[in-house]
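Q: missing the sequence, but the structure's below:
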């Protein structure tokens, strides 16, 4: 059984603005999701990959990966909540097999869980998002993110994950006063390998600021174009 030390956090609603996801804070502010902010960093490699494999293959792989990742994430969440229904989850064969690879790591290293699947936001950085898990990992307060992969990942591929997790750490500390110094990305691959990527969040804060600045600049340009188009139509 996992120990929970729940921290109460407000629910956040979401809203799409110009096809981008925003979260509404309790006082009515709209902040872009951190995944939306980081999308630009991912797009170049993603577009090159799509061009290389073709749209049909790319769409199939993306759908399969999204389904696999969502199922494994739900299994991890239920397990850490001491609410794992074996009969329900084992019907999803591949995700269930992958979960059972990562399960011993969870049992050995995760405890004192503060929150799972909760909304967070920052007035300092003006971003928001939903975090997988905040708990102690090997005794250190950590942001923990669960990922699946077809093959083992190189550390270089994970920079956006590290920036995103660091953003959650900053958001959580701002909301609660509890410092979360460590970020952990747990990846389970289809060949049964579990990879642990453990980082100090401080290393990625400058990259977070850079990503937010880039997004803000692009967003302001996009809104200016929309305003200009509206004025042209009404003229």
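A: Great, that's in hand. Computed from a prediction, not measured in an experiment: that's the story for all the values here.

Q: buried sites along the top strand by length along the chain?
A: Counting residues, the longest strand found in the chain (DSSP state E) is strand 110-122. Of the residues in strand 110-122, those with enough neighbours to count as buried (16 or more other C-beta atoms under 10 Å) are 110-111, 113-116, 118-122. Placement of C-beta: from N, CA and C, glycine included.

Q: average model confidence for that strand?
A: Model confidence over strand 110-122 averages 97 on the pLDDT scale.

Q: who's in contact with that strand?
A: 2-7, 9-12, 23, 25, 29, 31, 77, 80-81, 127-137, 141, 144, 167-168, 170-172, 174-175, 178 (C-beta atoms under 8 Å, 6 or more residues apart in numbering).

Q: And the next helix or strand past it?
A: Where DSSP states H and E defines the elements, the next helix or strand beyond strand 110-122 is strand 127-137.

Q: number of nearby residues for the residue nearest to residue 161 when sequence neighbours are not counted?
A: Leaving aside its sequence neighbours, residue 161 sits nearest to residue 185 (C-beta to C-beta, 6 or more residues apart in numbering; 5.0 Å). A count of nearby residues for residue 185, using other C-beta atoms under 10 Å, gives 22.

Q: which ones are touching residue 129?
A: Going by C-beta under 8 Å, 6+ apart, residue 129 touches 23, 33-35, 119-121, 164, 167-168, 171.

Q: Among those, which ones are in helices?
A: Among these, DSSP state H puts 34-35, 164, 167-168, 171 in helices.

Q: Generate a PyMOL selection restricted to the buried entries among the residues you listed.
A: Remark: buried members of the ones in helices among the contacts of residue 129, expressed as a PyMOL selection using 16+ other C-beta under 10 Å:
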select buried, resi 34+35+164+167+168+171
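
Q: quick one: which of the ones in helices among the contacts of residue 129 is nearest residue 91?
A: Of all the ones in helices among the contacts of residue 129, residue 35 has the smallest distance to residue 91: 28.7 Å, by C-beta to C-beta.

Q: about what we covered before: now, of the contacts of strand 110-122, which are buried?
A: In terms of neighbour count (16+ other C-beta under 10 Å), the buried residues within these are 4, 9, 12, 23, 25, 31, 77, 80, 127-137, 141, 144, 167-168, 170-172, 175.

Q: List just the nearest of the ones in helices among the contacts of residue 129 to residue 19.
A: residue 35 (13.3 Å).

Q: Which parts of this structure are strands?
A: 13-17, 20-24, 30-32, 110-122, 127-137, 140-149, 182-189, 194-200.

Q: and those as JSON lines, adding distance to residue 73?
A: Below are the strands of the chain laid out as JSON lines (distance: least, C-beta to C-beta, whole Å):
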{"stretch": "strand 13-17", "distance to residue 73": "18"}
{"stretch": "strand 20-24", "distance to residue 73": "18"}
{"stretch": "strand 30-32", "distance to residue 73": "22"}
{"stretch": "strand 110-122", "distance to residue 73": "9"}
{"stretch": "strand 127-137", "distance to residue 73": "7"}
{"stretch": "strand 140-149", "distance to residue 73": "5"}
{"stretch": "strand 182-189", "distance to residue 73": "11"}
{"stretch": "strand 194-200", "distance to residue 73": "15"}
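
Q: Among these, which comes closest to residue 67?
A: Short answer: strand 140-149, nearest of the strands of the chain by C-beta to C-beta, at 9.8 Å.

Q: got a list of contacts for that closest one?
A: 65, 68-69, 72-73, 76, 95, 98, 102, 110, 114, 131-137, 153, 161, 164-166, 168-169, 172, 178-190, 201.

Q: can you do 6 Å?
A: Where contact means C-beta atoms under 6 Å, 6 or more residues apart in numbering, the residues beyond strand 140-149 that reach it are 68-69, 72-73, 76, 98, 132-134, 137, 165, 168-169, 180, 182-189.
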